[in-house]
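J.: quick one: sequence plus predicted model below, questions after.
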Amino acid sequence: MRAIQSPLDRQSRLSPPPTLRFHSVVHLLSGDPLGQVCETPMAFEERVAFGPRTMPNEVANPAKWLSEQLIRIATATHGQPDALRPILVPAPLASLAHANTAVACGAAIRQTSLCPQEICLEFADAAFAGGVADYVSRVSLLRRHGFRVAIDMRKSWQTPLNDSLRLLVDTIRVDARTLDANPDLLDIIEVADASGVLIVAENAHWRDGEYLANLGIHAATHPKADA
């Protein structure tokens, strides 16, 4: 008798789990490790919209997608030293607004050897559009479940860092190439650094460590060496 395959079986055959990449976050002056960033070849928002590789409805749920991603990350990083924590994990834009994200992610982490404090969920700047009370309450819920929260300001920086949000955000990522031409971003960095938020730069050079530290940027991912 011919076996009947479920849509999930077919999906797993067509689309194997993506390979994860990890980049260390290091202090720009000392070189000490401060954690790591996880990257995947495809973000949740980039999923196929039609055809044989479309996601089943349950996988298209951003909270479920993120919780399953955390389990994969925990498996890939099992046994790593504590210096490579926290792990900064890019989260789907829609997951911040989803009612079940905090609960689903908390349940997923409890199945692994990680604890929530070892995960820093990073949301794009655009995820914080809308009423201040709305996104502050959503971030607060993630924090109550033990997760750290980061904002990705590499492409835009419109999130107002009010007093409530500054106390909830652990990390902000920026692109070092955008600093000189954007005084508004520099103001955000100054306020965030004064509040104890770790600013992590991409496309930074080791030689600029002191200059960036004066701006409030003390960490970077794969900083560039002088040629």
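T.: Arrived safely. Numbering: from 1, shown residues only.
J.: alpha carbons only for contacts and neighbour counts from here, please
T.: Noted.
J.: pLDDT weak spots in this protein?
T.: The chain contains residues with pLDDT under 70 at 1-18, 42-43, 45-59, 131, 227.
J.: mind redoing it with 50?
T.: 1-2, 5-15, 57-58 (pLDDT under 50).
J.: which one's the longest helix in it?
T.: helix 62-76 (DSSP state H).
J.: partners of the helix or strand just after it, with directions?
T.: Once the chain leaves helix 62-76, the next helix or strand it forms, by DSSP states H and E, is strand 87-90. Paired neighbours of strand 87-90 in the sheet (DSSP bridges): strand 33-39 (parallel), strand 119-124 (parallel).
J.: what's in contact with strand 87-90?
T.: 35-39, 118-123, 150 (Cα atoms under 8 Å, 6 or more residues apart in numbering).
J.: export that strand as CSV, just CAs?
T.: Only the C-alpha atoms of strand 87-90 are listed here, as CSV (Å, rounded to 0.1, in the frame of the first residue of the first chain):
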residue,chain,number,x,y,z
ILE,A,87,23.5,35.0,20.8
LEU,A,88,21.9,37.8,18.8
VAL,A,89,19.1,36.2,16.7
PRO,A,90,17.3,38.3,14.0
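J.: which residues are in contact with the following helix or strand past that strand?
T.: Going down the chain from strand 87-90, the next helix or strand is helix 101-109, by DSSP H and E. Helix 101-109 is contacted by residues 62-64, 66-68, 70-71, 74, 95, 115-116, 141-142, 145 when judged by Cα under 8 Å, 6+ apart.
J.: picking up where we left off before, okay, the strands paired with strand 87-90 in a markdown table with mean neighbour count and distance to residue 209 next?
T.: Converted to a markdown table, these look like this (neighbours: other Cα atoms under 10 Å; distance: least, Cα to Cα, whole Å):
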| stretch | mean neighbour count | distance to residue 209 |
| --- | --- | --- |
| strand 33-39 | 19 | 15 |
| strand 119-124 | 24 | 24 |
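J.: out of these, the one nearest residue 204 is which?
T.: strand 33-39 (15.3 Å; Cα to Cα).
J.: could you check the angle the closest one makes with helix 62-76?
T.: Strand 33-39 runs at 130 degrees relative to helix 62-76, counting by axes from the mean of the first three to the mean of the last three Cα atoms, to 10 degrees.
J.: ok, now which ones touch residue 189?
T.: Residue 189 makes contacts with 199, 215-217, as judged by Cα under 8 Å, 6+ apart.
J.: quick check: residue 132 vs residue 165, distance?
T.: Using Cα to Cα, to the nearest Å, residue 132 is found at 9 Å from residue 165.
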